[in-house]
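Engineer: this one's sequence-less:
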């Protein structure tokens with residue numbers, strides 16, 4: 001595995017070119033081009049704000065646009081990376097059959113392309129924080145670390161799903177539904193505190209809030225983004241450490257599956 005990782009590093013120029021290609025294709029013939037990376041989350045924020053503060057005026061969340069953006073931008077990065085990575089191997093079948101290169105660069109390049117969009121979109125979040133007088137504290141310096149944790153998690157999911165789609169082409173259709181369900185199960189437009197602490201299910205008392213964090217790594221990551229940016233407070237470092245372990249476990253599993261089956265990609269495609 002170490003040898004494969006070194007090989008990927010030697011092909012870093014290919015990774016950069018593929019990521020640049022994905023970005024160019026995404027905004028090809030687009031009038032606004034990369035501005036859509038700013039306008040898309042801005043429009044979604046406006047929609048959520050209208051729905052949950054005007055149409056449902058009982059919302060008591062302070063600085064709701066900032067609250068939503070702290071979660072919506074990381075979610076968009078994750079969702080876009082997952083859905084594009086599903087096709088990353090199948091969509092490049094012509095390259096796989098003709099030229100040798102480490103296959104890992106395909107899902108890796110899609111995640112990096114979406115990372116660029118995410119970093120650009122952070123300008124919208126910081127702009128909203130300025131408008132709503134949400135100060136940046138010293139804890140915002142942890143933002144690169146939390147982004148790195150999310151990239152690790154996302155890469156693990158991308159490796160696994162891109163492999164699965166080679167053998168089962170229904171993967172993309174299933175993930176369309178799964179990502180929609182995952183979105184509503186993740187506290188993007190609502191606080192995790194609205195979930196009950198304890199609920200008895202089949203005679204067993206379960207801590208729903210705790211399970212939401214344990215079973216949903218994106219809920220944990222979004223909580224970390226909100227703590228350091230929206231609340232300006234330090235994250236719970238034991239909680240963050242568990243998130244790191246979960247992300248590394250996803251990456252290890254996804255990458256092992258990818259490496260195991262990448263040798264037969266050309267035959268399956």
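Structural biologist: Done, it's in. Since we're looking at a predicted model, the values are computed, not measured.

Engineer: In terms of helix, strand or coil, where does the residue nearest to the spatial centre of the chain fall?
Structural biologist: Centroid-nearest residue in the chain, with C-alpha atoms, centre = their mean: residue 78, separated by 1.6 Å. What DSSP: H, G, I helix; E, B strand; the rest coil gives for residue 78 is helix.

Engineer: ok, then the element right after the strand or helix carrying residue 84?
Structural biologist: Assigned by DSSP states H and E, residue 84 belongs to helix 64-86. Sequence order places helix 93-98 as the next helix or strand after helix 64-86, per DSSP H and E.

Engineer: Please point out which parts of the following helix or strand past that next one sit buried.
Structural biologist: The helix or strand immediately downstream of helix 93-98 is helix 105-131, counting by DSSP H and E. Within helix 105-131, the residues that count as buried by 16 or more other C-beta atoms under 10 Å are 105-118, 121-122, 124-125, 128-129. All C-beta atoms are positioned from the backbone trio N, CA, C, and that covers glycine.

Engineer: Please compute how far the helix holding residue 84 lies from its chain's middle.
Structural biologist: In terms of C-alpha atoms, centre = their mean, to the nearest Å, the centre of helix 64-86 is set 6 Å apart from its chain centre.

Engineer: what about the helices in the stretch 151-269 of the chain?
Structural biologist: In the stretch 151-269 of the chain, helices defined by DSSP state H, counting those that start in this stretch lie at 171-185, 208-215, 217-225, 237-262, 265-268, listed in chain order.

Engineer: can you give me the mean pLDDT across the helix or strand hosting residue 149?
Structural biologist: Using DSSP H and E, residue 149 maps to helix 143-167. Averaged across helix 143-167, pLDDT comes to 95.

Engineer: Check stretch 237-257 too.
Structural biologist: On average, the pLDDT along stretch 237-257 is 91.

Engineer: ok, now stretch 14-26?
Structural biologist: For stretch 14-26, mean pLDDT rounds to 83.

Engineer: One more: stretch 39-47?
Structural biologist: Across stretch 39-47, pLDDT averages out at 81.

Engineer: Next, the buried residues of it.
Structural biologist: For stretch 39-47, burial by neighbour count (16+ other C-beta under 10 Å) applies to 40, 41, 42, 44, 45.

Engineer: what does that stretch contact?
Structural biologist: Stretch 39-47 has contacts (C-beta atoms under 8 Å, 6 or more residues apart in numbering) with 32, 65, 68, 69, 72, 73, 76, 121, 124, 125, 128.

Engineer: Enumerate every residue touching the third one.
Structural biologist: What it means is residue 68. When contacts are counted by C-beta under 8 Å, 6+ apart, residue 68 is found next to 45, 48, 49, 188, 189.

Engineer: what's the nearest residue to the last one if we skip its chain neighbours?
Structural biologist: Taking C-beta to C-beta, 6 or more residues apart in numbering, and ignoring the residues beside it in sequence, residue 189 has residue 48 as its nearest neighbour in space, at 5.2 Å.
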